[in-house]
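Participant: how would this look folded up:
(one chain, ligands or ions: 1)
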Amino acid sequence: MGLLDSLYQELVLEHYRKPRNHGALQPFDVREEGINPSCGDEVTLYLRFDGETIQDVSFEGEGCAISQASASMLTEAVKGLSSEAALALSQRFREMLHGAEPDRALGDLSLLRGVAKLPARTKCAALPFSTLEVALGRGGPQG
Ligand code: ZN
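Facilitator: Residues are numbered from 1 along each chain as shown. As a prediction, the model looks like this:
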């Protein structure tokens with residue numbers, strides 16, 4: 001594993017240890033729970049909207065470091081986006097998990113690109129995004 005890889009891994013673990021936007025949002029407009037039975041990961045997303053804009057977002061959950069770090073990064077990435085833009089971001093993230101070059105718009109989420117080499121863990125990284133897609137009323141494909 002190269003230096004850059006271990007640096008990315010450190011940053012992922014940092015999100016896991018100090019999750020951003022963690023805890024129930026009060027008040028919220030949408031609450032959506034997702035589970036990844038293959039690993040035992042759970043993520044609950046809370047969303048508050050201002051029209052079409054995601055005004056605030058938070059999460060609760062438990063599970064492996066990849067799933068929880070992904071949820072933490074998701075909340076930072078989609079806050080302030082329109083639902084449409086959040087779904088587009090989710091699509092780019094899924095493409096990255098399947099080997100595409102990370103898009104700049106992904107920000108910290110690009111730190112999870114190493115997961116593309118770990119097929120058994122892509123569902124962990126994708127869980128917060130599949131949960132978001134359901135929360136936004138566009139249930140995406142699993143995994
Ligand atoms: Zn997991």
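
Participant: so how far is residue 58 from residue 121?
Facilitator: Residue 121 sits 24 Å away from residue 58, taking C-beta to C-beta, to the nearest Å as the criterion. For the C-beta atoms, the positions are set from N, CA and C on the backbone; glycine is no exception.

Participant: what's the answer for residue 14, then?
Facilitator: Residue 14 is 18 Å from residue 58, by C-beta to C-beta.

Participant: Compare these two (neighbour count), which wins?
Facilitator: residue 58 (22 against 14; other C-beta atoms under 10 Å).

Participant: list the contacts for the more buried one?
Facilitator: When the contact criterion is C-beta atoms under 8 Å, 6 or more residues apart in numbering, the partners of residue 58 are 21-25, 28, 45-46, 75.

Participant: Look up phi and psi at it.
Facilitator: phi -150, psi 170 (degrees, to the nearest 10).

Participant: now swap in residue 124 and tell me
Facilitator: Here is the backbone geometry of residue 124 (degrees, to the nearest 10): phi -60, psi -50.

Participant: can you give me the helices for this structure?
Facilitator: Assigned by DSSP state H, the helices in the chain fall at 3-17, 65-78, 83-97, 122-135.

Participant: So what's the model's average confidence on the first one?
Facilitator: By that I understand helix 3-17. Here helix 3-17 scores 83 as its mean pLDDT.

Participant: That helix near the ion at all?
Facilitator: No. Judged by C-beta under 5 Å from the ion, helix 3-17 stays clear of the ion, getting no closer than 11.0 Å.
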